[in-house]
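*Asks:* Show me the folded form of this:
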Amino acid sequence: MKVKLVFVWFFTLVNSVVVMAQNHPNKYIDSLFNLSLKYEKNTIDSCKIIGEEILRYAEKRNDIDGMALGYYSNSKYYDRFGNYAQSVEYAFKAKRLFDDGLSDNNAILAKILLQIGTLYMLIDQHEISIEYFEEGIDIAKRYSVDSLDRLFLLIQIARSKFDLHKNDSLEAIVKKVSDIKPSADNTNLLTARNILLSNVALSQGNLSKTKEYFKEVKDFCSKYNNQFFLAYSLSTLGEIYYKSNQQDTAIYYANQTIQISQKYNYNRHLSSASELLIKIYNQRNQKDSVLKYLQLKIKANEVLYGKEQLSNLLLIANREKIKKKDIELVEQKNKATINLLLFGSMGILLILGMLFLSFRNRQKSKINEFLSLQKQNIESKNQELEQTLSVLKATQAQLIQSEKLASLGELTAGIAHEIQNPLNFVNNFSEVSTELVDEMNEEINKGNLQDAKEIANDLKQNLEKINHHGKRAGDIVKGMLQHSR
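*Replies:* Okay, here's the model as predicted:
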């Protein structure tokens, strides 16, 4: 009867969203997924039906992200039902879509890694769970993943590390999540947070604080209709009251847990509540009650811890590790190939660089030879000018000693003035030429051959000007010599 009602509900739901599927196919999967998140808190059969519908629709459209969400929804269903091996199998089906490079939706991948890590944490495989939580946290940091999922990953890894007595970052995480306010969307997150806080309180021997945390879980899960974690909080409160020697209250909470768990097929909570009642009734020597709850526990444990449940979970984890190592091996081979290509390219570049340096050195040698010749020419012109000046000075001395001292003095002054002009030009252009030679050497050292050539052209023009004004001075001297004769 229950199954029939679920199917009637499901087909009513499908009819209500069929218009959306026709007009907005992408939104159809998102709407179904949001419904599955809602119903995984209470009506888990509905969660499974929705997950199958998401898969059917996504496979028909070859929608990889939709398929990942479908696998994730099915994983959540089997998680709530207590079939961890089937749950983790679906979660890894979703993850393989990302491992094979078929999707890069990091928001979905973070959810999947959170789910896988949580499943292994529930069976106390904390080393495995931490690997997946850390991978999820890394993705959450590198990409703008939903803030609730980021916080959930931090809380869950803190829980696993706490159970392994690795409390290095516990205080910072507790501080970060302590002020979260309850809402309809974050009851799972707040339950995980309160479990972490209660574990810390319990380790400090503060049983009343532990009780307070789980009463808070009970209140907000009841308010927002999260039946799964409501059952969990009731079961845990039963354990706390049992430890406080309040057996009647413990029995009350355990029975409340069993009622909800039987209604929604929560085998995990059914098993823990039954175990608590077995202990209490065994102490009271009520054998009929012990037998009753022992049968309930055995039935729940057949789902939770069947013959192959734990071994399947570990086999799946090992299989995924092997696949991961195979992928890493391929990546290493690709990296080695890339390194080989890089080294080969570097070798070619080195040879080309050596050829270029050899060419540049030859060019530099030729330019240096040219500059050396130019420098010699400039020095030769300077010597000629100095000799000319010496001759003029000697002539001037002879004129002064002559009888026509006055006229010769005026003449000498005029001649000196005429000679000084070309001499000034020669000196100025000589200094400029020296600076040009220095600049040319700098450009050559930098490898700027084009700039060096332009400077060489300027230097050539300067030498022509020096030559021109040297000839002017020479003509003046020749005129003086002729006049003296």
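*Asks:* Against residue 427, how distant is the residue nearest the centre of the chain?
*Replies:* Here the mean C-alpha position of the chain is nearest to the C-alpha of residue 142 (CA atoms, centre = their mean), at a distance of 3.9 Å. To residue 427, residue 142 is 70 Å away according to CB to CB, to the nearest Å. From N, CA and C alone the C-beta is placed, and that goes for glycine too.
*Asks:* residues touching the closest residue to the residue nearest to the centre of the chain other than its chain neighbours, list them.
*Replies:* Using CB to CB, 6 or more residues apart in numbering and skipping residues adjacent in sequence, the residue nearest residue 142 is residue 106, 7.7 Å away. Residues near residue 106 by CB atoms under 8 Å, 6 or more residues apart in numbering: 139, 142-143, 145.
*Asks:* Spatially, which residue comes closest to residue 50, not counting chain neighbours?
*Replies:* residue 36 (4.2 Å).
*Asks:* May I ask which helix or strand encompasses the one you found?
*Replies:* Per DSSP states H and E, residue 36 falls inside helix 25-39.
*Asks:* Over that helix, what's the mean pLDDT, rounded is fine.
*Replies:* In this model, helix 25-39 has a mean pLDDT of 80.
*Asks:* Can I get that helix in PDB? Just the C-alpha atoms.
*Replies:* Extracted C-alpha coordinates of helix 25-39, given in PDB (Å, rounded to 0.1, in the frame of the first residue of the first chain):
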ATOM      1  CA  PRO A  25      14.400  21.300 -20.100                       C
ATOM      2  CA  ASN A  26      17.400  22.500 -18.100                       C
ATOM      3  CA  LYS A  27      15.300  23.800 -15.200                       C
ATOM      4  CA  TYR A  28      13.400  20.400 -15.100                       C
ATOM      5  CA  ILE A  29      16.400  18.600 -13.700                       C
ATOM      6  CA  ASP A  30      17.200  21.300 -11.300                       C
ATOM      7  CA  SER A  31      13.700  21.300 -10.000                       C
ATOM      8  CA  LEU A  32      13.700  17.500  -9.500                       C
ATOM      9  CA  PHE A  33      17.100  17.700  -7.800                       C
ATOM     10  CA  ASN A  34      15.800  20.300  -5.400                       C
ATOM     11  CA  LEU A  35      12.800  18.100  -4.600                       C
ATOM     12  CA  SER A  36      15.100  15.200  -3.900                       C
ATOM     13  CA  LEU A  37      17.100  17.300  -1.500                       C
ATOM     14  CA  LYS A  38      13.900  18.100   0.300                       C
ATOM     15  CA  TYR A  39      12.500  14.600   0.400                       C
END
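*Asks:* Does anything pack onto the following helix or strand past it? Which helices or strands?
*Replies:* Once the chain leaves helix 25-39, the next helix or strand it forms, by DSSP H and E, is helix 44-61. Counting contacts by 3 or more CB pairs under 8 Å, 6 or more residues apart in numbering; DSSP states H and E, helix 44-61 packs against helix 2-23, helix 25-39, helix 64-81.
*Asks:* By mean pLDDT, show me the worst of these.
*Replies:* What stands lowest among the helices and strands packed on helix 44-61, in mean pLDDT terms, is helix 2-23, with a mean of 50.
*Asks:* Now the two most distant members of the contacts of residue 106.
*Replies:* Largest separation among the contacts of residue 106 by CB to CB: 142 and 145, giving 8.8 Å.
*Asks:* Tell me if I'm right that the residue nearest to residue 50 and residue 51 touch.
*Replies:* Yes: at 5.9 Å, residue 36 and residue 51 qualify as touching, with contact defined as CB atoms under 8 Å.
*Asks:* which residues are common contacts for those two?
*Replies:* In terms of CB under 8 Å, 6+ apart, residue 36 and residue 51 are both contacted by the residues 73, 76.
*Asks:* Next SSE downstream of the host helix or strand of residue 248?
*Replies:* Here residue 248 is covered by helix 247-264, with elements defined by DSSP H and E. Next in sequence after helix 247-264, counting helices and strands by DSSP H and E, comes helix 267-283.
*Asks:* next structured bit after that next one?
*Replies:* helix 287-304.
*Asks:* any residues touching that next one, and which ones?
*Replies:* By CB under 8 Å, 6+ apart, the residues outside helix 287-304 that reach it are 81-84, 258, 261, 267-268, 270-271, 274-275, 277-278, 281-282.
*Asks:* Could you give me the buried positions within that helix?
*Replies:* Within helix 287-304, the residues that count as buried by 16 or more other CB atoms under 10 Å are 289-290, 293-294, 296-297, 300-301, 303-304.
*Asks:* what angle separates that helix from helix 267-283?
*Replies:* 160 degrees (axes from the mean of the first three to the mean of the last three CA atoms, to 10 degrees).
*Asks:* and helix 287-304, how far from the chain's centre?
*Replies:* With CA atoms, centre = their mean, to the nearest Å as the basis, helix 287-304 stands 50 Å off its chain's centre.
*Asks:* tilt between that helix and helix 64-81?
*Replies:* If you take the same axes, to 10 degrees, helix 287-304 sits at 160 degrees to helix 64-81.
*Asks:* Render the CA-only coordinates of helix 287-304 in CSV, please.
*Replies:* Output in CSV follows, covering the C-alpha atoms of helix 287-304 (Å, rounded to 0.1, in the frame of the first residue of the first chain):
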residue,chain,number,x,y,z
LYS,A,287,13.8,-11.1,28.4
ASP,A,288,10.7,-10.7,26.2
SER,A,289,11.6,-7.0,25.5
VAL,A,290,15.2,-8.0,24.9
LEU,A,291,14.1,-10.6,22.3
LYS,A,292,11.8,-8.1,20.7
TYR,A,293,14.4,-5.4,20.2
LEU,A,294,17.1,-8.0,19.3
GLN,A,295,15.0,-9.1,16.4
LEU,A,296,14.6,-5.4,15.3
LYS,A,297,18.3,-4.9,15.5
ILE,A,298,19.1,-8.1,13.6
LYS,A,299,16.8,-7.0,10.8
ALA,A,300,18.3,-3.5,10.6
ASN,A,301,21.8,-4.9,10.7
GLU,A,302,21.1,-7.2,7.8
VAL,A,303,20.8,-4.1,5.7
LEU,A,304,23.6,-2.1,7.4
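*Asks:* Grab the nearest non-local neighbour of residue 199.
*Replies:* residue 162 (5.7 Å).
*Asks:* element containing the one you found?
*Replies:* Counting by DSSP H and E, residue 162 is part of helix 147-163.
*Asks:* just residue 94 next, same as before
*Replies:* If you go by DSSP H and E, residue 94 is part of helix 84-99.
*Asks:* pull the CA atoms of that helix into PDB?
*Replies:* This file holds the C-alpha atoms of helix 84-99, laid out as PDB (Å, rounded to 0.1, in the frame of the first residue of the first chain):
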ATOM      1  CA  TYR A  84      26.300   2.100   2.300                       C
ATOM      2  CA  ALA A  85      27.900  -0.100  -0.300                       C
ATOM      3  CA  GLN A  86      25.200   0.800  -2.800                       C
ATOM      4  CA  SER A  87      25.300   4.400  -1.800                       C
ATOM      5  CA  VAL A  88      29.100   4.700  -2.300                       C
ATOM      6  CA  GLU A  89      28.800   2.900  -5.700                       C
ATOM      7  CA  TYR A  90      26.400   5.500  -7.000                       C
ATOM      8  CA  ALA A  91      28.600   8.300  -5.600                       C
ATOM      9  CA  PHE A  92      31.600   6.900  -7.400                       C
ATOM     10  CA  LYS A  93      29.600   6.600 -10.600                       C
ATOM     11  CA  ALA A  94      29.000  10.300 -10.400                       C
ATOM     12  CA  LYS A  95      32.600  11.000  -9.600                       C
ATOM     13  CA  ARG A  96      33.900   9.000 -12.600                       C
ATOM     14  CA  LEU A  97      32.000  11.400 -14.900                       C
ATOM     15  CA  PHE A  98      34.400  14.100 -13.600                       C
ATOM     16  CA  ASP A  99      37.500  11.800 -13.600                       C
END
